[in-house]
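Asker: Quick one, structure for this:
(one chain, ligands or ions: 2)
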Amino acid sequence: MSSDWYPLLVTASLLLSHTHSLPRKVSTSLSSGLISMANSYRTVYAFAREMHPKTVKADIQYGTAGFRAKANNLGYVMYRMGLLAVLRARYKRATIGVMITASHNPEPDNGVKLVDPMGEMLEQSWEKWATKFANVGDDQLEETINEIIKEYDIPMTDRVEIVVGKDTRPSSPSLAKSLTDGVLALSGKPVDYGIVTTPQLHYFVVCKNTNRKYGEPTEEGYYTKLTKAFKKLRGETFTNGSYKNRLLYDGANGVGAKKIKYFQELLGNSMKIQMYNDAIIGSGKLNYMCGADYVKSQQKFPTGVPVEPNTRCCSVDGDADRLIYYYMDENNGFHLMDGDRMATLIASYLKEILEKTELDLNLGLVQTAYANGASTEYISKKLQVPVACVSTGVKHLHHKALDYDIGVYFEANGHGTVIFSSNAKDKLTETAKNSSLSEERRHAAEALLTLIDLVNETVGDAISDMLLIETILHAKGWDIQQWESAYTDWPNRLMKVTVQDRNVITTTDAERVCVTPEGLQAEIDALVAKFDKGRSFVRPSGTEDIVRVYAEAATREQADELALQVARKVHEMAGGTGDSPQLN
Ligand SMILES: CC(=O)N[C@H]1[C@@H](OP(=O)(O)O)O[C@H](CO)[C@@H](O)[C@@H]1O
Ligand SMILES: [Mg+2]
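Answerer: Numbering: from 1, shown residues only. Ligands and ions are numbered 1, 2, ... in the order given. Coordinates of the predicted model:
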């Protein structure tokens, strides 16, 4: 297939996209001169590249969360992702999303990830194309575009929409401009939603690709859908038993702080959310000593939130797709309620309500190897809900959760959601409508249907998850201590090891078994065997240039010691750099 025609479009759209900044007269003569200029398309194409030239020699890799780097190194990557998004959209004949964010990373960083038509992360087989697009020289870009068009036989005539969102980082607007230039260069139609949370962006993409069946593709549509469901489930009584409808909320000085204001307004008295860490009114920096990642990884109370003993608090991360709950007890003891806790609470509640519907729908929970062993044991043995373990990264969890009628998935770091199959939705709708069934069955089905509207099924969504957790605690009449009492976490420790090349570590069995370097797994097994309740695994990070070591054991000291010994083994056998690992 010849694709020699597309530079014509490039010429046209670039001229059009840049004419807005030209004086009217010049602009008109440029537009009318398009055809005669067709032969000089290469110059125009080069002009686009000159505006976004490749500035970094070193290769970067499309990882677990797309590309992440220092923001000032990302302009050309954005431009190229704009090109790729259009190609992907044409191939899928659907709207594709692009989110500009570096999530929980520091403010000077930024990043980009593509969102597939049904809200999934970019399909794995295209990750290598994303990596290739980002790394080829400017002069190979055109050839690379031709190559992908040929490989997938991409129809290049459709006018496709690319939905763009960004977080609050100061670098985001100019990066969005580079991205948009890429979209326009291939005659795509960029739809810029401005500053939104990552899960809002996923929601817009799905709304558009389902012809609005999933909801209205607007911010207002999103707020209305979630708050309406929340209020319906809460009913007229806002407190219940030990449950109080007051929550301290840490917005991480990011988009999560901006957007919670709409919820505060729409929820009225049904839920009192007291927001802290809003950079707009305070002076705090994005994710700095606050936010979900800080709280989870440091196991510390964030700055900027007042310490009130035994009061329920939560933190979201920089793009509001992760959520962590916690509280401080009266002895200043910090208690963390992470993704495993949320997953088990949600799965247990869904199981309860599902039983009342008497429907034959299968419910399952998906975790990664980082899930605390106590949570896995509790949910599989006590609650008898099947648990699957998959590789790190939301795409793996989401994919596995599709195997169930109701699939709950969470990473321990607080990223997760629930997805419902169309079979589940159909059966619930039938049951809710069937007047010959008992009131209890019908009510349970109706409650579950409302709950589906409260959940952002497209991706883990901190605010939607928070409303879901609040709904469940309200229904059970629980305070945060009652929620915590379900099980006791095994002490655990996460460590990082720096090595020359992290890819020398390869794994299998959902990353729980190390395949190379040869002999390392046997060493880990021997170390684990020395510890009571010991468990440990190692894997190369997908977002940082390090190897992660995880260890669990019966006591804190033992967990620390096991992690340290495994980390030292990794350092020794996998080309460690710098000093031998130490506990910090
Ligand atoms: C142990 C851990 O928390 N790993 C995180 C981290 O991935 P790594 O591949 O471990 O760097 O970032 C991912 C993207 O945010 C997230 O999905 C994952 O859970
Ligand atoms: Mg995030």
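Asker: show me what contacts whichever residue of the chain sits closest to ligand 2?
Answerer: Ligand 2 sits closest to S103 of the chain, with a gap of 3.2 Å, by CB to the ion. In short, each C-beta sits where N, CA and C put it, glycine included. S103 makes contacts with 65, 111, 167, 198, 293, 317-319, 321-322, as judged by CB atoms under 8 Å, 6 or more residues apart in numbering.
Asker: Wasn't it part of a helix?
Answerer: No. Counting by DSSP: H, G, I helix; E, B strand; the rest coil, S103 is not part of a helix but coil.
Asker: Check what pLDDT it gets.
Answerer: pLDDT recorded at S103 is 95.
Asker: residues near I280, how many?
Answerer: 10 (other CB atoms under 10 Å).
Asker: cool, and D453?
Answerer: By other CB under 10 Å, neighbour count at D453 equals 17.
Asker: and the helix or strand containing it, what other elements does it pack with?
Answerer: In this assignment (DSSP states H and E), D453 forms part of helix 439-454. Taking 3 or more CB pairs under 8 Å, 6 or more residues apart in numbering; DSSP states H and E as contact, the helices and strands that helix 439-454 lies on are helix 219-234, helix 339-357, helix 422-433, helix 462-476.
Asker: returning to what we had before: check the contacts of S103 against ligand 2, which are close?
Answerer: Near ligand 2, judged by CB under 5 Å from the ion, the entries from the contacts of S103 are 317, 319, 321-322.
Asker: and the most centrally placed residue in the chain, backbone torsions?
Answerer: Ranked by distance to the mean C-alpha position of the chain (CA atoms, centre = their mean), the top residue is D321 at 5.2 Å. Reported as degrees, to the nearest 10, the phi and psi values for D321 are phi -110, psi 0.
Asker: before we move on, what about L186?
Answerer: phi -110, psi 20.
Asker: can I see the domain layout of this protein?
Answerer: Listed domain ranges for the chain are 6-194, 339-484, 492-573 (source: automatic domain parsing).
Asker: what about the second one, start to end distance?
Answerer: Distance between the boundary residues of domain 339-484 (CA to CA, to the nearest Å) amounts to 12 Å.
Asker: One more: stretch 404-416?
Answerer: Start and end residues of stretch 404-416 are separated by 15 Å (CA to CA).
Asker: for stretch 149-169, same thing?
Answerer: End-to-end distance for stretch 149-169, by CA to CA: 34 Å.
Asker: What residues does the chain have near ligand 2?
Answerer: 103, 317, 319, 321-322.
Asker: so who does the residue nearest to the centre of the chain touch?
Answerer: Counting by CB under 8 Å, 6+ apart, the residues that D321 touches are 103, 197-199, 415, 459-462.
Asker: restrict those residues to contacts with ligand 1.
Answerer: Checked against ligand 1 using CB under 6 Å from any ligand atom, those yield the following neighbours: S103.
Asker: circling back: as CSV, the residues of the chain next to ligand 2 with distance to E220 would be great.
Answerer: Below are these laid out as CSV (distance: CB to CB, whole Å):
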residue, distance to E220
S103, 25
D317, 24
D319, 20
D321, 20
R322, 24
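Asker: dump the residue contacts of F334.
Answerer: Per CB under 8 Å, 6+ apart, neighbours of F334: 299-301, 326, 328.
Asker: Next up, phi/psi of it, please.
Answerer: Note on F334: backbone dihedrals following degrees, to the nearest 10 are phi -90, psi 130.
Asker: likewise the one 4 residues further on?
Answerer: The phi and psi values for D338, taken as degrees, to the nearest 10, are phi -90, psi -170.
Asker: Now for it, how many residues are close by?
Answerer: D338 has 26 neighbouring residues, counting by other CB under 10 Å.
Asker: right, and it touches S315 too?
Answerer: No. In terms of CB atoms under 8 Å, D338 does not count as a neighbour of S315; the distance is 11.0 Å.
Asker: so what sits against both of those two?
Answerer: The contact lists of D338 and S315 share I324, where a contact means CB under 8 Å, 6+ apart.
Asker: Enumerate the residues of this structure near ligand 1.
Answerer: Counting by CB under 6 Å from any ligand atom, the chain sits next to ligand 1 at 64-65, 103, 370, 392-394, 411, 413, 541-544, 548.
Asker: By pLDDT, rank those and give me the bottom one.
Answerer: Among the residues of the chain next to ligand 1, T64 has the weakest pLDDT, 78.
Asker: In contact with it: list those residues for me.
Answerer: 392-393, 541-543.
Asker: hmm, try it at 7 Å
Answerer: Contact analysis of T64 by CB atoms under 7 Å, 6 or more residues apart in numbering lists 392-393, 542-543.
Asker: can you redo those as CSV with secondary structure and neighbour count?
Answerer: Formatted as CSV, the contacts of T64 follow (DSSP: H, G, I helix; E, B strand; the rest coil; neighbours: other CB atoms under 10 Å):
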residue, secondary structure, neighbour count
T392, coil, 22
G393, coil, 20
G542, coil, 15
T543, coil, 17
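Asker: quick one on the thing from earlier: against G82, how distant is the closest residue to the residue nearest to the centre of the chain other than its chain neighbours?
Answerer: Nearest residue to D321 in three dimensions, chain neighbours excluded: T198, at 4.5 Å (CB to CB, 6 or more residues apart in numbering). T198 is 18 Å from G82, where distance means CB to CB, to the nearest Å.
Asker: now the strands for the stretch 201-350 of the chain?
Answerer: Under the criterion DSSP state E, counting those that start in this stretch, the stretch 201-350 of the chain contains strands at 246-250, 272-276, 313-316, 323-328, 334-337.
Asker: who's in contact with the first one?
Answerer: Okay, so that is strand 246-250. 260, 272-277, 290-291, 302, 304-305, 311-315, 470.
Asker: Filter those residues down to the buried ones, ChimeraX style.
Answerer: Selection command for ChimeraX covering only the buried members of those, criterion 16 or more other CB atoms under 10 Å:
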select :260,273,275,276,277,290,291,302,304,305,311,312,313,314,315,470
